[in-house]
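S.K.: output the structure for:
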Amino acid sequence: MEWLNSFVDWANNYLWTYILIALLIGAGLYFSIRTKFVQFRMFGEMFRVITEKKETDTGVSAFQAFTISTASRVGTGNITGVALAIGIGGPGAVFWMWLIAIIGMATAFVESTLAQVYKVRDGDEFRGGPAYYMEKALGQRKIAIVFSILLTLSFGFIFNSVQSNTIAVSVNDVFNIPTWVIGLALVILTAVIIFGGVHRIVKVTQVIVPVMAVLYILIALFVVVTNLSELPAFFSLIFSHAFGLEEAVGGGVGAAIMQGVRRGLFSNEAGMGSVPNAAATANVSHPAKQGLVQSLGVFFDTIVICTATAFIILLSDFYKTATDDGIILTQNSLADHVGSWAPYFVAIAIIFFAFSSVIGNYYYGETNIELINAHRGWLQGYRVLVLAMVMFGALAKVQLVWNMADLFMGLMAVINIVVILLLGKLAAQVLDDYVEQRKRGLDPQFYAKNIAGLKNTECWEDDSPETK
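M.R.: This next block holds a predicted model:
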């Protein structure tokens, strides 16, 4: 298998070095300009729309769709990913994570708005995502199927095995519970939730996501408050390593950019094409509302949660001797601040973060399986395979699997970004329609007929509220 691992490493380096960084930054800047910097001028509006209630009993609320996407976003990448970025790319990587998040907020708005425009009905629920707008807006079903396969392999199988592996290793290390017991418990819990459909997934994520986020942020705030005098040095360290002459000469800036962009995307998923699958489930009166909500999700994931991890690590001295082992770096750094109980807290945080990701990742695969083939047998087979990969991840060493996940994630992002660049003008028109109605003091309502040339929008074709 060594040859496969070497090939995947080479493909990852080429893809991430020469293609994805240019696409991510270029697309983010283009969408920022095209939407007149929606991430800044509509920032307050994001908080207003996330609290809106559903108009009917169909679908899920804007906040519930936010928790599904956040369940997938906020995972081990927020704890181990940030530590890996700092360990490999230095403190300057944090700045590039921030930058990719800020411009990525515009990208997230565009892809999630498009997912809402082209969502479809599924009984009393909605589903959609990049594969759906690839098929409906561009008429490219073959590309849609390729994307669906990549997403299902990445999120449904590979990422879920990585998440269960992280839980098993962390819990075994701290509590000395056999990994097979941990794996079996994860399989049972996952089965109970995923066989209950999207509404059961929503019930779980809308509890887990706020709890895990609040606990982690409180710990980070404690670290900040007890190190207030070090905050200027914290920001100086990040900016000096992001742009410093010494780092530029030594190649450190390149490593910082690479790791910041790579781990930033893995954490907030802006442009990857995963989050729109959750955005499409929401029952809202206007597609731009869910675009705004998911744009806020990028801010919450990276600027809030990832920065909390960066505070914990960089306000200690362990990062200076860091290895590539992200979880150990985070545990040691937190122990430096709060004492010997830190490994227990990190293990519990990992359980919340990673398990919520398993649930969110599963749903992304489900909605794409239904696009490929709506026969219920396919869905049941997919569920069984997800559970098998959860168990496999708890028992196996998954370095090769992690590397393959990076590769598939990169390929997904390339396909999705190219597609939304083609459709970006449409998302901007939808935003203009929303803003114009808000200026008139209205609660924006969207109808496909208001956008010239818009077609194949199953849920926005008439004026009746229940179709939204």
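S.K.: tally of neighbours for the closest residue to Met272 other than its chain neighbours?
M.R.: Among residues not flanking Met272 along the chain, Ala413 sits closest, at 4.7 Å (CB to CB, 6 or more residues apart in numbering). The way it works is simple: take the backbone N, C-alpha and C, and place the C-beta from them, glycine included. If you count neighbours by other CB atoms under 10 Å, Ala413 ends up with 26.
S.K.: now do the contacts for Ala413.
M.R.: Leu20, Leu23, Leu24, Leu265, Gly271, Met272, Gly273 (CB atoms under 8 Å, 6 or more residues apart in numbering).
S.K.: 7 Å instead?
M.R.: By CB atoms under 7 Å, 6 or more residues apart in numbering, the contact set of Ala413 is Leu20, Leu265, Gly271, Met272, Gly273.
S.K.: now secondary structure too, for those, in TSV please.
M.R.: Below are these laid out as TSV (DSSP: H, G, I helix; E, B strand; the rest coil):
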residue	secondary structure
Leu20	helix
Leu265	helix
Gly271	coil
Met272	coil
Gly273	coil
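S.K.: pLDDT check: weakest of those?
M.R.: By pLDDT, Leu265 ranks lowest within the contacts of Ala413, coming in at 65.
S.K.: pull the residues that contact the helix or strand hosting Asn277.
M.R.: Assigned by DSSP states H and E, Asn277 belongs to helix 276-279. Here helix 276-279 makes contact (CB under 7 Å, 6+ apart) with 65, 68-69, 111-112, 114-116, 129-130, 290, 294, 363-364, 367.
S.K.: try stretch 153-170
M.R.: Contacts of stretch 153-170 (CB under 7 Å, 6+ apart): 75-76, 80, 179, 182-183, 186, 274, 327, 347, 350-351, 354-355, 357-358, 361-362, 364-365, 382, 385-386, 389-390, 392-394, 396, 398, 401-402, 404-405, 408-409, 412.
S.K.: quick one, strands of this protein?
M.R.: 120-122, 125-127 (DSSP state E).
S.K.: looking at those strands, which is buried most?
M.R.: strand 125-127 (a mean of 22; mean count of other CB atoms under 10 Å).
S.K.: so where's the stretch 1-150 of the chain uncertain?
M.R.: The stretch 1-150 of the chain contains residues with pLDDT under 70 at 1-5, 7-17, 54-59, 71-80.
S.K.: now the stretch 201-350 of the chain
M.R.: For the stretch 201-350 of the chain (pLDDT under 70), the answer is 206, 209, 244-267, 319-328.
S.K.: ranges for the helices of it?
M.R.: In the stretch 201-350 of the chain, the segments counted as helices under DSSP state H, counting those that start in this stretch are 231-243, 245-250, 252-268, 276-279, 287-298, 307-314, 326-338, 342-372.
S.K.: ok, Ile313 - contacts?
M.R.: Ala83, Ile86, Tyr319, Leu329, Thr330, Ser333.
S.K.: hang on, the earlier thing: can you put the helices of the stretch 201-350 of the chain in a markdown table and add distance to Ile33?
M.R.: Formatted as a markdown table, those follow (distance: least, CB to CB, whole Å):
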| stretch | distance to Ile33 |
| --- | --- |
| helix 231-243 | 23 |
| helix 245-250 | 28 |
| helix 252-268 | 20 |
| helix 276-279 | 21 |
| helix 287-298 | 15 |
| helix 307-314 | 26 |
| helix 326-338 | 35 |
| helix 342-372 | 29 |
